[in-house]
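Trainee: have a look at this prediction, sequence included:
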Amino acid sequence: MRIMGLDYGSMTVGVAVSDELMFTAQGIEVIRRKQETKLRQTYARIEELIAEYKVNQIVLGYPKNMDNTIGSRAEKSEEFAAAIRRRTGLEVILWDERLTTVAAHRVLDAAELDYKKKAQVVDKLAAVFILESYLDYRSNQLKQSTTDKEDE
């Protein structure tokens, strides 16, 4: 089983995939489109990657506002998630992604990449951060469940 992480933006989708043991996330690619509303090729590429990596679940970044409200970007992510569910039949988990793009920019700034190189990979790195956060959460839930059963 593998999990795919997606960072959905207005013109790009960063893609990451977990290893089969679901310990780590690897950035795969950035899917680009010329217009925000032209998503057919984006969906098709995501479906290709799902088949290639044998993905069983998707975690989609959910860009809530800092005050935890839902803005227009989060609403667009909800629509994107619904479309991915319909097309693939897979579970799509909306995952709080606040500050993942900021963290990605900080990592890339520390690597001293020029603007053009950063622009090419920032969404992929944000997808990695989204997926790693979910994998950590999942791992902690499994540990907690095991601990609770041992205490019974």
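Mentor: Received the coordinates, thanks. Numbering: from 1, shown residues only.
Trainee: quick one: average confidence on stretch 90-105?
Mentor: Regarding stretch 90-105, the rounded mean pLDDT is 80.
Trainee: and for stretch 57-76?
Mentor: 91.
Trainee: buried set for it?
Mentor: Along stretch 57-76, these residues count as buried under the neighbour rule (16 or more other C-beta atoms under 10 Å): 57, 58, 59, 60, 61, 62, 63, 64, 73, 74. C-betas here are computed from N, CA, C, even on glycine.
Trainee: which residues pair with the fourth one across the strands?
Mentor: Read it as residue 60. Note on residue 60: beta-bridge partners by DSSP bridges are residue 6, residue 94.
Trainee: what separation do you get for residue 75 and residue 88?
Mentor: Applying C-beta to C-beta, to the nearest Å, the value for residue 75 to residue 88 is 21 Å.
Trainee: repeat that for residue 4.
Mentor: Distance, residue 4 to residue 88, using C-beta to C-beta: 10 Å.
Trainee: got any residues that touch both of these two?
Mentor: Here residue 4 and residue 88 have 46, 50, 58 as joint contacts, going by C-beta atoms under 8 Å, 6 or more residues apart in numbering.
Trainee: dump the residue contacts of the residue found closest to residue 82 once you drop the neighbours it is linked to in the chain.
Mentor: The shortest distance from residue 82 to any non-neighbouring residue, by C-beta to C-beta, 6 or more residues apart in numbering, is to residue 92 (8.0 Å). Residue 92 is in contact with 57, 58, 59, 60, 81, 82, 84, 85, counting by C-beta under 8 Å, 6+ apart.
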